[in-house]
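Chemist: show me how the following folds:
(one chain, ligands or ions: 3)
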Amino acid sequence: MSRFAPEPEFSHGQPTRTGVLVVNLGTPAAPTSSAIRPWLREFLSDPRVVELPRALWLPILHGFILPFRPGKTAHKYASIWSKDGSPLAIWTEKQGKLLKGWLGERHGDSIRIAHAMRYGSPSIETGIHQLRQSGCERILILPLYPQYSASTTATVIDEAARVLATLRNQPALRTLRGFHDDPGYIKALAQSVQRDWMTHGRGNHLLMSFHGVPRYTLDKGDPYHCLCLKTARLLATELGLAEGSWSVAFQSRFGKAEWLKPYTSTVISELAKKKIGRLDVICPGFVSDCLETLEEIALEGKADFLAAGGSEYHFIPCLNDAPEWIHALGMLAERELSGWLTDGKNASAQKNLTEQTLLRAKAMGASK
Ligand SMILES: C=CC1=C(C)c2cc3[nH]c(cc4nc(cc5[nH]c(cc1n2)c(C)c5CCC(=O)O)C(CCC(=O)O)=C4C)c(C)c3C=C
Ligand SMILES: [Fe+2]
Ligand SMILES: [Fe+2]
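Modeler: Ligands and ions are numbered 1, 2, ... in the order given. Take a look at the predicted model:
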């Protein structure tokens, strides 16, 4: 939409509606190089993701990465693609629907939920317009990244702010910065591990693998590294894990520069060589299974562990649609929406008050 184009009015006279926009990273539309290329171009052109000077980075991106990488990753995407599409898209949409049910039960129709992707479709712009058109004068942006980082959370907020900059009649905006130490999120993670252990037995070591970021972002003050370590420590404590029976590592390194260490691939080989027995791996930084968990960790990680002499490898799925997680997400949203919501009881109490006032006014009018 062009800057300040004619816009639909908010619904005057209707009760004020509140919208929640659940946002995830995004994923290609199909597991093919022609669908991956435009998505990757949008993703890797974001200066929040690659902070190199544009004059240096854009020729590398267009000359070396976009012509070749989509072809190399297409078969990886194909290996995890389901009949309904990309796992990340499926889980994000489902999480949005479940959150809608959870909030709807407590706050009725006054609250609307939409989901969006930072890169690809449905866009944040579409999500914000959708919420405005259904009468939302207030919008909470809920990025599905537990650990804040400039390359994920901040760029979602930047994009929401860019969309608002095109609107004359802006909704009020709130944002969730992250939830790396939220007790509900930590409990949901612990319960998903315990449930998995009840079904598949328990491994000898738990590796917590987080998505990496370039090392220079830590040096420049990005809190992401510290937040990942805190999540890991809280999860280990919640599970009562003994020192030495768990570790943290960073996956998905991209390019030649140094990223956060230790690298997951290195730790997996080292643990295999130490003959630790069964290795369990969880990715607490991803709330939805995706390429990075299902292919890189569940498939490639297992192959690497076994190739390096390890005996047994087990991947613990992401939170996805776990009820404890949806409850935690609902509580987080409710906390951030504080003061913006009317619950069912409040709404009917308010209606009764209005009716009483009208009756009193009528009675006074009649006595005059
Ligand atoms: C410089 C490159 C990248 C940074 C920085 C980065 C940070 C980052 N990413 C996620 C979450 C996801 N990344 C995913 C895929 C993915 N990530 C990068 C690069 C960087 N990520 C690439 C190039 C890709 C695409 C796949 C590939 O070509 O290897 C995904 C999965 C998407 C899917 O379709 O399933 C997620 C999720 C986080 C959380 C993060 C920083 C904290
Ligand atoms: Fe990534
Ligand atoms: Fe990867």
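Chemist: remind me which residues of the stretch 151-300 of the chain are low pLDDT?
Modeler: The stretch 151-300 of the chain contains no residues with pLDDT under 70.
Chemist: can you pull out the strands in it?
Modeler: 172-175, 205-211, 246-251, 278-282 (DSSP state E, counting those that start in this stretch).
Chemist: close to ligand 1: what parts of this structure are there?
Modeler: By the rule CB under 6 Å from any ligand atom, the part of the chain lying against ligand 1 is 25, 27, 49-50, 69, 73, 86, 88, 145, 149, 151-152, 211, 213, 224, 252, 254, 285-286, 290-292. Placement of C-beta: from N, CA and C, glycine included.
Chemist: now the buried members of those residues.
Modeler: Among those, those scoring as buried are 25, 27, 49-50, 69, 73, 86, 88, 145, 149, 151-152, 211, 213, 224, 252, 285-286, 290-292 (criterion: 16 or more other CB atoms under 10 Å).
Chemist: out of these, which sit inside helices?
Modeler: Counted as lying in helices by DSSP state H, out of these, are Arg69, Thr73, Leu88, Tyr224.
Chemist: wouldn't the third one be in contact with Pro28 here?
Modeler: No: taking contact to mean CB atoms under 8 Å, the distance of 9.7 Å between Leu88 and Pro28 leaves them out of contact.
Chemist: which neighbours do the two share?
Modeler: By CB atoms under 8 Å, 6 or more residues apart in numbering, Leu88 and Pro28 have no common neighbours.
Chemist: how is the chain carved up into domains?
Modeler: With domains defined by automatic domain parsing, the chain comprises 17-179+322-343, 183-316.
Chemist: ok so, going back, quickly compare the strands of the stretch 151-300 of the chain and say which is most buried.
Modeler: strand 205-211 (a mean of 24; mean count of other CB atoms under 10 Å).
Chemist: from the chain's centroid, how far away is it?
Modeler: Per CA atoms, centre = their mean, to the nearest Å, the displacement of strand 205-211 from the mean C-alpha position of its chain is 18 Å.
Chemist: which ones are touching the residue nearest the centre of the chain?
Modeler: Nearest to the mean C-alpha position of the chain, by CA atoms, centre = their mean, lies Leu144 at 1.9 Å. For Leu144, the contact set (CB under 8 Å, 6+ apart) comprises Val22, Val23, Asn24, Thr92, Gln95, Val287, Ser288.
Chemist: repeat that for Arg54.
Modeler: By CB under 8 Å, 6+ apart, the contact set of Arg54 is Pro47.
Chemist: cutoff 10 Å now
Modeler: The contact partners of Arg54, by CB atoms under 10 Å, 6 or more residues apart in numbering, come to Ser45, Pro47, Leu61.
Chemist: need those residues in TSV with pLDDT, secondary structure and neighbour count, can you?
Modeler: Below are the contacts of Arg54 laid out as TSV (pLDDT from 0 to 100; DSSP: H, G, I helix; E, B strand; the rest coil; neighbours: other CB atoms under 10 Å):
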residue	pLDDT	secondary structure	neighbour count
Ser45	98	coil	16
Pro47	98	coil	14
Leu61	98	helix	19
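Chemist: so which residues on the stretch 51-200 of the chain come close to ligand 3?
Modeler: Within the stretch 51-200 of the chain, no position is near ligand 3 by CB under 5 Å from the ion.
Chemist: give the burial count for the residue lying closest to His225 once chain neighbours are set aside, as a bare number.
Modeler: Computed as CB to CB, 6 or more residues apart in numbering, the closest residue to His225 that is not its neighbour in sequence is Leu218, at 4.8 Å. Each residue near Leu218 was counted by other CB atoms under 10 Å, and the total is 16.
Chemist: Leu218 contacts Leu227, doesn't it?
Modeler: No: contact criterion CB atoms under 10 Å: Leu218 and Leu227 do not qualify, at 11.1 Å.
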